[in-house]
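Asks: Sharing a sequence plus its predicted fold:
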Amino acid sequence: MYNGLEVRVPFCDYRIVDYAYNVPWSIKALGGREKGIVRAAFRGLLPDSIIDRKKSPYPKTHNPLYFNLCVNKVHEILEDGNSPLHDILDKDGVESIINHPEQISSPWYGQLMRAPQILAYIIQLDYWFRKNNVIIKA
C-alpha cells in the first residue's frame, strides 16, 4: 500500500470483512466449528480434507529457539531498572511462566497465546513504552 500496490486476496476484500463482522456468531460457527459458515459454503467445491482440517493458526511460534530468545529478552527487561515495566510486572509470575510454560493449559488470549507468546507480548510492551516515552508513575 505504501508504494501504491494493493493486493487483495478474496477473503480480505473489505466488503466481505465488513459483512462477516456483522454476521451473528451462531452462523459464523455453524455446526459448532470455527469458520463453520465458510466450511459449509465451500463444501463440494474444495476437497473434504481441506474443509474438515483442523485450523492451523499463524504464526507458529512453537520452536524452542523462539522461546529461549524470548526468555533471554524478558530476563533483560526484568533486570533493567529503567524498563517502564520494571515496577509493574509480577516478576514471580513471569518467572513461573518461564520455568513452567506447560502450566498454561489454555490460551491467555486467542488461540496461540501460551508461554512464548506471553513473553513476546511483554517484549512488545516494553518496546512500545520505550519508543513512545511512556512513564508510569505510582
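Replies: Arrived safely. Not measured: the values here are computed from a predicted model. Numbers count the residues shown, from 1 in each chain.
Asks: Look at Arg130 and report its pLDDT.
Replies: Confidence at Arg130, expressed as pLDDT, is 95.
Asks: before we move on, which element is it in?
Replies: helix 115-131 (DSSP states H and E).
Asks: I'd like to know which elements that helix is packed against.
Replies: helix 64-79, helix 91-99 (3 or more C-beta pairs under 8 Å, 6 or more residues apart in numbering; DSSP states H and E). In short, each C-beta sits where N, CA and C put it, glycine included.
Asks: Asp80 is in contact with His86, correct?
Replies: Yes: His86 lies in contact with Asp80 (C-beta atoms under 8 Å); the separation is 6.4 Å.
Asks: mind showing which ranges of this protein have poor pLDDT?
Replies: 1-12, 56-61, 106-112, 138 (pLDDT under 70).
Asks: who's sitting farthest from the centroid in it?
Replies: Distance from the C-alpha centroid of the chain, by C-alpha atoms, centre = their mean, peaks at Gly44 (31.5 Å).
Asks: Give me the phi and psi for that residue.
Replies: Main-chain torsions, Gly44, degrees, to the nearest 10: phi 90, psi -20.
Asks: Just the buried positions in the helix holding Arg130, please.
Replies: Ala115, Pro116, Gln117, Ile118, Leu119, Ala120, Ile122, Ile123, Leu125, Asp126, Phe129 (16 or more other C-beta atoms under 10 Å).
Asks: check contacts around the first one.
Replies: Read it as Ala115. By C-beta atoms under 8 Å, 6 or more residues apart in numbering, the contact set of Ala115 is Phe67, Ile97, Ile98, Pro101, Glu102, Ile104.
Asks: Please repeat the previous calculation with a cut-off of 10 Å.
Replies: With contact set as C-beta atoms under 10 Å, 6 or more residues apart in numbering, Ala115 has these partners: 61, 67, 70-71, 96-104, 108.
Asks: Out of the helices and strands packed on helix 115-131, which gets nearest to Ser26?
Replies: Nearest to Ser26, of all the helices and strands packed on helix 115-131, is helix 91-99, at 34.9 Å by C-beta to C-beta.
Asks: what angle do that closest one and helix 115-131 make?
Replies: Relative orientation of helix 91-99 versus helix 115-131 (axes from the mean of the first three to the mean of the last three C-alpha atoms, to 10 degrees): 130 degrees.
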